[in-house]
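Asker: sharing a sequence plus its predicted fold:
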Amino acid sequence: MKKTIYSVSLSVFFLTLFFAGCNNPSASLSVEDRIATDLAEIQSEADTILEDETTPKEPVLNLITRIEAFIESNRAYLEHENAVEPLENIITLLENFVENISYNNSLENFRQLFGNEIAIPGSGYQEIYTFSIQVKTYADAYGITLEDAEQVMIEYGINPEIVSITMDLINGIITLFDLMVSETGMYTNEEEGIVIGLPLEEDIPADSPITVNGTPTISDDGERVGMEFNAAEDYLMIPADPSNNLITEGTIDIRLKPTTNVAWAGIIHKGSKPDWSDEGYSFQYDGSKKLMLAMTSDSGQLILVRTQTVLPEGIWSHVVVTWNNSEAHIYVDGTDVTDKITKGFSSTEILIADYSPFKSSDGDVIVGTQIPGEPYRFNGVISGITIYNTFYN
């Protein structure tokens, strides 16, 4: 809590002034008497105010005004006795007292907001994030310190873990996306066009909407942390959502360290039906273990964005796959490795513009394979998947 310790030895100031005046033979007795009387009254009022924290603001402000007027009307005498500064110190104490009254009133008003304007959150990341914004907004509006805001939350009986997370959010130690990842293993960011963010630096939480097949494990080679997929069984399934149905443009940004390049292995695949009938887009290997993007047009035509690139095994590569209604590219470590765009597996080269928009799919997004139950699975470590609903230029 914000506290001010007030001095109760004001009489030392006033007695010093009084005796200094009495010891001055040139001073008029009537002036000394008047000043001594006023000082005694000021002392009494100030002591009463500063010793009682429940004193309302108005009498304190009145006393400040009175002392200021007293100084001005007797400045010459008070300056001669070096008494102005002690009186100004008293004014400062009183002003601090007024500030403390205002702060305590604001703190009480802030306290009353809980359960009303400030909704008490459950354990969900969105509720906690909204709660943190409300706490910070109202604390700023009422001029409440974050220390006191935290204490009010504790007094109100809010779960200590939620209080701790709220304070970390307010202080910028963690973000909304950190909360999303801790609860679901993934995040989204509408402002940046991120429809799937999958750090893969920790195990997927047990209650995540992401389905984990097999036993993918977290791997840290000292360069990057990622999730290791065994080609025999491991993959992730992210539920279908209109946001990840990228029919006009999209980008897949991913880090890959293959242990062994596997022909036809899926890396990111939109669609989960065994006959590929719901396939939307598929970033994968081709039969020669070269990187490839497969898309299905709205009319059902398979479109392949081909490369001549086989990723080095045991080494991290940064791959960006991006497309829109007129072009498509695959970048590896910043270099455009796109070779050609063909109609299916034929040698006929085509223009993307002639086959867009792409197929709308209600299939899940699969990480680490093409179709669940099929052998086309990635073997290695994947890290930092970000899927955007925009074209990367």
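Answerer: Here it is on my side, so go on.
Asker: burial measure for Gly373, as a count.
Answerer: A count of nearby residues for Gly373, using other CB atoms under 10 Å, gives 9. Any C-beta I mention is one placed from the backbone N, CA and C, and that applies to glycine too.
Asker: was I right to think it contacts Pro274?
Answerer: Yes - using CB atoms under 8 Å, Gly373 is in contact with Pro274, at 6.2 Å.
Asker: which residues touch Ser102?
Answerer: Under the criterion of CB atoms under 8 Å, 6 or more residues apart in numbering, the neighbours of Ser102 are Lys57.
Asker: recalculate using a threshold of 10 Å.
Answerer: By CB atoms under 10 Å, 6 or more residues apart in numbering, Ser102 lies in contact with 57, 143.
Asker: with Val319 instead?
Answerer: Contact analysis of Val319 by CB under 10 Å, 6+ apart lists 252-256, 267-268, 283, 291, 307, 309, 311, 330-333, 337.
Asker: and it, what pLDDT?
Answerer: For Val319, the pLDDT comes out at 98.
Asker: tell me which element Ala139 falls in.
Answerer: Assessed by DSSP states H and E, Ala139 sits inside helix 125-142.
Asker: can you give me the offset of that helix from its chain's centre?
Answerer: Centre-to-centre, helix 125-142 and its host chain are 12 Å apart (CA atoms, centre = their mean, to the nearest Å).
Asker: what is the rounded mean pLDDT of that helix?
Answerer: Helix 125-142 carries an average pLDDT of 94.
Asker: helices or strands up against that helix?
Answerer: helix 84-112, helix 146-155, helix 160-170, helix 176-184 (3 or more CB pairs under 10 Å, 6 or more residues apart in numbering; DSSP states H and E).
Asker: let's have these in CSV, adding distance to Asn213.
Answerer: Formatted as CSV, these follow (distance: least, CB to CB, whole Å):
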stretch, distance to Asn213
helix 84-112, 49
helix 146-155, 41
helix 160-170, 30
helix 176-184, 17
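Asker: who wins for proximity to Glu223 among those?
Answerer: Nearest to Glu223 among the helices and strands packed on helix 125-142 is helix 176-184 (20.6 Å), distances taken as CB to CB.
Asker: ok, and for the next helix-or-strand element following that closest one, which residues are buried?
Answerer: The first helix or strand that comes after helix 176-184 along the chain, using DSSP H and E, is strand 187-189. Across strand 187-189, burial judged by 16 or more other CB atoms under 10 Å covers 187-188.
Asker: give me the sheet partners of the helix or strand that strand 187-189 is followed by and which way each runs.
Answerer: Next along the chain after strand 187-189, taking DSSP H and E as the criterion, comes strand 194-198. Using DSSP bridges, strand 194-198 pairs in its sheet with strand 187-189 (antiparallel), strand 379-388 (antiparallel).
Asker: where among those is the average confidence lowest?
Answerer: Minimum mean pLDDT among the strands paired with strand 194-198: strand 187-189, a mean of 94.
Asker: list the contacts for the residue lying closest to Ser243 once chain neighbours are set aside?
Answerer: Nearest non-adjacent residue to Ser243, counting by CB to CB, 6 or more residues apart in numbering: Val195, 4.3 Å away. Listed by CB under 10 Å, 6+ apart, the contact partners of Val195 are 186, 188-189, 238, 241-246, 250-251, 365, 386-390.
Asker: go ahead and build a ChimeraX selection from the buried members of these.
Answerer: A single ChimeraX command selects the buried members of the contacts of Val195 (16+ other CB under 10 Å):
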select :186,188,238,244,245,246,250,251,365,386,387,388,389,390
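Asker: in stretch 201-209, what's buried?
Answerer: Buried, per 16+ other CB under 10 Å, within stretch 201-209: 201, 204, 208.
Asker: that stretch: how far from the chain's middle?
Answerer: Distance of stretch 201-209 from its chain centroid, counting by CA atoms, centre = their mean, is 20 Å.
Asker: so who does Lys343 touch?
Answerer: Contact analysis of Lys343 by CB under 10 Å, 6+ apart lists 297, 301-304, 349-350, 354-355.
Asker: and what of Phe345?
Answerer: By CB under 10 Å, 6+ apart, Phe345 lies in contact with 286-287, 294, 302, 304, 306.
Asker: pick out whichever of these sits closest to Asn89.
Answerer: Using CB to CB, those come closest to Asn89 at Ala294, 80.2 Å.
Asker: so that closest one lies in a helix, does it not?
Answerer: No - using DSSP: H, G, I helix; E, B strand; the rest coil, the assignment for Ala294 is strand, not a helix.
Asker: just the pLDDT for the closest residue in space to it that isn't next to it in sequence.
Answerer: Once flanking residues are discounted, Ala294 sits nearest to Ser282: 4.3 Å by CB to CB, 6+ apart. On the pLDDT scale, Ser282 is placed at 96.
Asker: do Asp47 as well
Answerer: Per-residue pLDDT puts Asp47 at 85.
Asker: buried set for the particular helix or strand that has it in it?
Answerer: Using DSSP H and E, Asp47 falls within helix 29-50. By 16+ other CB under 10 Å, the buried positions in helix 29-50 come out as 32, 35-36, 38-39, 42-43, 45-47, 49-50.
Asker: just put those in CSV and tack on distance to Ala141.
Answerer: CSV is the format used below for the buried residues of helix 29-50 (distance: CB to CB, whole Å):
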residue, distance to Ala141
Glu32, 51
Ile35, 45
Ala36, 47
Asp38, 41
Leu39, 41
Ile42, 36
Gln43, 38
Glu45, 34
Ala46, 32
Asp47, 35
Ile49, 28
Leu50, 29
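Asker: out of the residues you listed, who's nearest Glu58?
Answerer: Ile49 (11.0 Å).
Asker: from Ala69, how far out is the closest residue to the closest one other than its chain neighbours?
Answerer: Nearest non-adjacent residue to Ile49, counting by CB to CB, 6+ apart: Thr55, 4.9 Å away. Plainly put, Thr55 is 20 Å away from Ala69 if you go by CB to CB, to the nearest Å.
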